[in-house]
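Enquirer: Got a predicted model here, sequence first, then my questions.
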Amino acid sequence: MAYMKIATWNVNSLKVRLPHLLDWLAATRIDVVCLQETKQDDTKFPREEIEAAGYRVAFSGQKTYNGVAIVSRTPLSDVQAGIPGFEDEQRRVLAATVGGMRVVCVYIPNGQSLDSDKYRYKLRWLKALNAWLREELMRYPALVLLGDYNIAPEDRDVYDPAAWVGSVLVSEAEREQFRALLDMGLRDSFRLFEQPEKSFTWWDYRAAGFRRDLGLRIDHILLSPQLANRCVAVDIDRGPRKLERPSDHTPVVATLTAP
DNA sequence: ATGGCGCGCGCAGCGCGA
C-alpha cells in the first residue's frame, strides 16, 4: 500500500450512525478511524458488524455519554484506555499501536460554560493529557493524537469569532492547552497544507447550521514530527454530513506515505 | 435570535452536546 489514511470522526451515537460508518469505510477504504461519542456500553458495541466489514476494533465505552473506539484494517496492539494516573469515570481516551504508529484517540470534554465545574474539569483533563503525552512522545516517536478536541484553536476556525467570545471551545485557557500540545512538537496536520477559508468540522443541528455553514473546526489530527514528515494531505470529508440523520461532526482524514 | 436539533433514557420530559 502506497498510502495510509487515518481519520477521526465523532459519530454522536454509534448505534444510530453505524450504517453511515460502514458505508463510509467501504467507500473510502480508510485504514484507521478513531471514533468518539459512541455512547454504548462495551457489551453493546457492534464488534461483529465492524469485523464483518474487514476491520479490527478496540473500544472503551459507557452508556449514554462519551465512549471512544479505534477501527483499523490491521491489528491493534498494546491497547490502553484512559490517561494513566488520572482518575476519570468518563470514557474519553483510547490508545493503541497500529502499523508502527501509536494512535491516541481522544474525546476532550466540552466544558459547557466558562463558569461551570465541567469547564474546570476540562482544564484539569487537558493538563493531565499534556503531561502524559509528553512522556508518550518520547516512547513513541511515531505518534498521532486525533479526536474531538472541543477546541477551535484560532479565530479562523470559528464562523463568527465575535459571537463566540466568552464561550467554551474558544477560551484562552483552552487554546493555551492546545498550543502546549504544539509546543511539545506535535503539528496540526490540517495546517500543514493550504486549506479553504471556513474549514469546519462541526455544525450545530439547530438553526440550519450546516446549510448556512455556521461551523467550527474542533476535530483535529496532531502528528509527531516523524509522522508529519510523511503526511501528504489532510481533508475534511463533508460527505457524511449531507446524509439523512447525520452526526453533527464530519470526518477529518490525513493521508500518510507508507513508512 | 435569548432558541432552534438530535441523542439517550424510557415512556414524559429532561440533561447534555457545542
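Expert: Great, that's in hand.

Enquirer: which bits of the stretch 1-150 of chain A sit near DNA strand B?
Expert: A:10, A:12-13, A:15-16, A:37, A:39, A:63-65, A:109-110, A:112-113, A:118, A:148, A:150 (C-beta under 7 Å from any atom of the strand). Backbone N, C-alpha and C define where each C-beta goes, glycine included.

Enquirer: Mind checking which of the residues you listed land in strands?
Expert: A:N10, A:D148 (DSSP state E).

Enquirer: Looks like A:W132 contacts A:G82 (just checking).
Expert: No: judged on C-beta atoms under 8 Å, A:W132 makes no contact with A:G82 at a distance of 9.7 Å.

Enquirer: hmm, which of the residues of the stretch 1-150 of chain A next to DNA strand B are the buried ones?
Expert: Neighbour-count burial (16 or more other C-beta atoms under 10 Å) applied to those gives A:N10, A:N12, A:E37, A:K39, A:P109, A:N110, A:D148, A:N150.

Enquirer: Now name the helix or strand holding the closest residue to the fifth one other than its chain neighbours.
Expert: In this structure, A:P109 finds its nearest non-sequential neighbour in A:K122, 4.1 Å apart by C-beta to C-beta, 6 or more residues apart in numbering. When elements are defined using DSSP states H and E, A:K122 is found to belong to helix A:117-139.

Enquirer: List the buried residues of that helix.
Expert: Neighbour-count burial for helix A:117-139 flags A:Y119, A:Y121, A:K122, A:L123, A:W125, A:L126, A:A128, A:L129, A:W132, A:L133, A:E136, A:L137 (criterion: 16+ other C-beta under 10 Å).

Enquirer: do stretch A:64-82 as well
Expert: A:N66, A:G67, A:V68, A:A69, A:I70, A:V71, A:S72, A:R73, A:L76, A:Q80, A:A81, A:G82.

Enquirer: And the helix or strand containing A:Q80, what does it pack against?
Expert: Using DSSP H and E, A:Q80 sits within strand A:76-81. In terms of contacts (3 or more C-beta pairs under 8 Å, 6 or more residues apart in numbering; DSSP states H and E), strand A:76-81 is packed against strand A:56-60, strand A:93-98.

Enquirer: Parallel or antiparallel, list what pairs with it.
Expert: strand A:93-98 (antiparallel) (DSSP bridges).

Enquirer: For the partner strand, output the C-alpha coordinates as PDB.
Expert: Output in PDB follows, covering the C-alpha atoms of strand A:93-98 (Å, rounded to 0.1, in the frame of the first residue of the first chain):
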ATOM      1  CA  VAL A  93      -9.200   8.100  25.800                       C
ATOM      2  CA  LEU A  94      -8.100   5.000  23.900                       C
ATOM      3  CA  ALA A  95      -4.600   4.400  22.700                       C
ATOM      4  CA  ALA A  96      -3.300   1.500  20.500                       C
ATOM      5  CA  THR A  97      -0.300   0.700  18.300                       C
ATOM      6  CA  VAL A  98      -1.300   0.200  14.700                       C
END
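
Enquirer: one step back: from A:Q177, how far off is the residue nearest to A:P109?
Expert: Separation of A:K122 from A:Q177 (C-beta to C-beta, to the nearest Å): 9 Å.

Enquirer: Likewise for A:D78?
Expert: 26 Å.

Enquirer: now do A:F59
Expert: If you go by C-beta to C-beta, the gap between A:F59 and A:Q177 works out to 26 Å.

Enquirer: ok, for A:Y140, nearest residue in space, not its chain neighbours?
Expert: A:R102 (3.6 Å).
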